[in-house]
Structure formats: structure tokens, C-alpha cells
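Peer 1: Structure for the following, please:
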Amino acid sequence: MELTEDQLIIAENEVKRYLPRSLKVYGFLILRNRVKSEPVTVLVDKWPKFHVIVCKPSYEKESDVFKDILIFANDATILEETIRSPSVFEWTRYLCIGTNRSHMEIIKAVAFEKNVPSNKLSECHVMILEDESRLPSIDCSGFSSGFSLSSLDESHLDLVNQTWKFGKHDGTLGMIRNMIAHFPSRCMLDPEGKPVSWILTYACCAMGMLYTLPEHRGKGYAKAVISSMARTLKAQGYPVYCFVEEENAVSYQLFTSMGFTEDPSDKQVWFGFNKF
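Peer 2: Down below sits the predicted model:
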């Protein structure tokens with residue numbers, strides 16, 4: 001069944017009971033219930049005590065491949081039954097699904113039954129900030145003259161898109177535009193007002209797209225924008241976390257040094273499914 005606006009608030013509290021395994025869906029719901037952006041359909045197997053919850057973005061065009069479907073389940077059998085339903089997944093079109101690694105084997109098995117090939121896109125550590133006091137203090141007086149912390153705006157859209165590793169794909173520009181317009185972001189501006197380092201918030205409330213222009217690295221700007229963003233999210237009552245790809249040792253060390261910790265048993269994976 002599809003949840004109403006009022007039911008989404010109740011679902012947020014229900015999913016919270018399963019933290020940290022439910023963090024991605026919880027992060028999506030807590031942000032969705034406070035900030036209205038692009039429409040998303042949220043489905044559960046039953047109400048009010050559901051076992052499976054699926055958050056599905058609206059697909060308007062073929063390039064919407066970066067709008068990933070989020071899933072959390074506390075019962076593997078019911079998860080398998082739920083995703084077999086054609087009203088939940090349109091297996092005939094491209095799907096990008098993000099969930100706990102433990103759920104993905106079930107999803108891949110159902111896709112195999114339906115003759116839908118799968119492709120692993122990414123596997124990430126989930127890094128969570130539990131103790132805000134471990135964040136470094138921000139003292140802009142220590143930066144070069146004229147540099148200041150701010151938020152991104154639409155004039156920065158092309159720069160963020162061009163530097164993101166997936167930015168050459170169709171559809172990313174619209175996704176990043178939505179993130180900048182609706183969700184928290186932080187950046188370090190140079191004296192001319194150009195961002196030299198920045199971080200955004202995904203629809204699941206995770207911090208992401210951290211980037212510093214090569215000529216400005218090693219100056220502490222990344223730590224400054226992370227710390228500022230983390231405090232902003234914390235002050236607004238949001239969970240403070242991020243995903244770090246398994247092969248990205250530099251980012252893993254950076255977030256660890258700032259007080260973020262990982263549950264080694266919880267990994268998030270993204271798979272693409274495409275029948276054609």
C-alpha cells in the first residue's frame with residue numbers, strides 16, 4: 001500500500017527503531033517529512049506494523065537513472081514476496097536500487113527469476129557521527145584573506161556537476177539542481193565568490209559529493225565544509241552520516257579523523273537492473 005503524508009510521519013518513527021540498519025530509509029523519511037522536493041512514492045507491505053518499506057522516486061524520462069529506489073526490510077521472506085509484485089517494481093525498465101548488502105542477494109535472486117541482469121554500481125562504508133564534540137572547530141581567520149563559508153546556489157550547478165564522478169551522465173544536472181535548491185549544502189568561497197570546496201545533501205539525508213578543487217587542496221577547506229554541514233544537520237535534527245566508497249581510503253581516513261565511525265557489519269550497495 002502507498003502511504004499518505006500523515007502515515008509517512010508515523011513510518012519515520014517506526015523505521016527509527018531499526019537504526020542504524022535502517023539509516024538510509026530513515027534519513028530519507030526525516031528529510032522528506034520536513035523538506036518538500038521531487039515526488040516520491042512510499043510503499044509498505046502492510047500498515048501500521050510493516051516489515052518492508054520501499055521509497056520509489058518518480059521516473060519521468062530515461063535519464064532519471066540516478067533516482068535510486070531505497071529499501072529496508074526486517075523480514076527476508078516478506079521482502080522477497082513484496083518485490084515480486086509488479087505494482088512495486090517495474091522490472092521491464094531500468095532500476096537503480098540502494099539498500100543493505102544483506103537485502104541485495106534476495107533482490108538479485110528475484111531479478112534473476114525475471115531474467116533481468118544486474119550490475120553492481122557501488123559498495124560503501126556507512127560513516128556516522130554520533131558525537132558532535134569530536135568535530136574540529138571552524139576558524140575562518142586561519143584561511144586565506146577573503147575566503148568564507150556559505151551555501152551553494154544554482155549559479156554553482158555546472159561546477160558541481162562537472163566535478164562529480166558521474167556528472168557526464170544524462171540526468172545528473174536535474175538531480176544536483178534539486179539537491180542545491182531544497183537540501184542543505186556548504187561551500188568555501190574564494191574572494192570572487194567562486195566555490196573551491198563543497199559538500200551537498202542527498203535525498204536520503206546523507207552528506208555527499210564532497211569535492212575540493214585540486215589547486216586548493218591541503219588547506220583544510222574540506223574539513224571546514226564537512227564540520228559546518230554536520231553542525232547544520234545536527235542543529236536541524238537530522239542524522240549526520242555519509243557513504244564512503246570502499247576503495248576511497250583518503251575519504252575514509254578524513255571522516256574517521258573527524259569523529260565519524262562505522263559499523264563494519266553494515267554496508268550499503270547500489271545495483272542497476274536493466275532487462276534491455
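
Peer 1: C-alpha only now, for contacts and for neighbours.
Peer 2: Fine.

Peer 1: Just give me how far the longest helix anywhere in the chain sits from the chain centre.
Peer 2: For the chain, the helix with the greatest residue count under DSSP state H is helix 221-235. Distance of helix 221-235 from the chain centroid (C-alpha atoms, centre = their mean, to the nearest Å) equals 16 Å.

Peer 1: With stretch 223-242 instead?
Peer 2: 14 Å.

Peer 1: State the mean pLDDT of it.
Peer 2: Stretch 223-242 shows a mean pLDDT of 95 in the predicted model.

Peer 1: what's the burial count for residue 36?
Peer 2: 10 (other C-alpha atoms under 10 Å).

Peer 1: Sort out which residues of the longest helix of the chain are buried, please.
Peer 2: By neighbour count on 16 or more other C-alpha atoms under 10 Å, the buried set for helix 221-235 is 221-233.

Peer 1: can those go into JSON lines with extra columns for distance to residue 94?
Peer 2: Formatted as JSON lines, the buried residues of helix 221-235 follow (distance: C-alpha to C-alpha, whole Å):
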{"residue": "221", "distance to residue 94": "38"}
{"residue": "222", "distance to residue 94": "35"}
{"residue": "223", "distance to residue 94": "37"}
{"residue": "224", "distance to residue 94": "38"}
{"residue": "225", "distance to residue 94": "35"}
{"residue": "226", "distance to residue 94": "33"}
{"residue": "227", "distance to residue 94": "36"}
{"residue": "228", "distance to residue 94": "37"}
{"residue": "229", "distance to residue 94": "33"}
{"residue": "230", "distance to residue 94": "34"}
{"residue": "231", "distance to residue 94": "37"}
{"residue": "232", "distance to residue 94": "35"}
{"residue": "233", "distance to residue 94": "32"}
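
Peer 1: Looking at those, which is nearest residue 11?
Peer 2: Nearest to residue 11 among the buried residues of helix 221-235: residue 233, at 20.7 Å, using C-alpha to C-alpha.

Peer 1: For the closest one, give its distance to residue 116.
Peer 2: Relative to residue 116, residue 233 is positioned 38 Å away (C-alpha to C-alpha, to the nearest Å).

Peer 1: Strands of the stretch 1-150 of the chain, start to end?
Peer 2: Ranges of strands within the stretch 1-150 of the chain are 40-44, 52-57, 69-73, 95-100, 118-129, 148-150, based on DSSP state E, counting those that start in this stretch.

Peer 1: Tell me which of these lies nearest to residue 191.
Peer 2: Taking C-alpha to C-alpha, strand 148-150 is the member of these nearest to residue 191, at 7.9 Å.

Peer 1: Could I get the buried residue list for the helix or strand just after the closest one?
Peer 2: Next helix or strand after strand 148-150 toward the C-terminus (DSSP states H and E): helix 157-163. Neighbour-count burial for helix 157-163, with 16+ other C-alpha under 10 Å as criterion, is recorded at 157, 160-161.

Peer 1: got TSV for those, with pLDDT and distance to residue 15 too?
Peer 2: Formatted as TSV, these follow (pLDDT from 0 to 100; distance: C-alpha to C-alpha, whole Å):
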residue	pLDDT	distance to residue 15
157	96	33
160	96	32
161	94	32
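
Peer 1: closest to residue 96 among these?
Peer 2: residue 161 (19.6 Å).

Peer 1: pLDDT score for the residue nearest to the closest one when sequence neighbours are not counted?
Peer 2: The shortest distance from residue 161 to any non-neighbouring residue, by C-alpha to C-alpha, 6 or more residues apart in numbering, is to residue 167 (4.8 Å). We note a pLDDT of 78 for residue 167 in this prediction.

Peer 1: Same question for the one 5 residues further on.
Peer 2: For residue 172, the pLDDT comes out at 86.

Peer 1: Would you confirm that it contacts residue 164?
Peer 2: No: the pair residue 172 / residue 164 is not scored as a contact, 9.2 Å apart, by C-alpha atoms under 8 Å.

Peer 1: could the buried residues of helix 157-163 go into CSV alongside distance to residue 8?
Peer 2: Shown next, in CSV, are those (distance: C-alpha to C-alpha, whole Å):
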residue, distance to residue 8
157, 31
160, 31
161, 31
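
Peer 1: Name the nearest of these relative to residue 110.
Peer 2: Using C-alpha to C-alpha, those come closest to residue 110 at residue 161, 34.1 Å.
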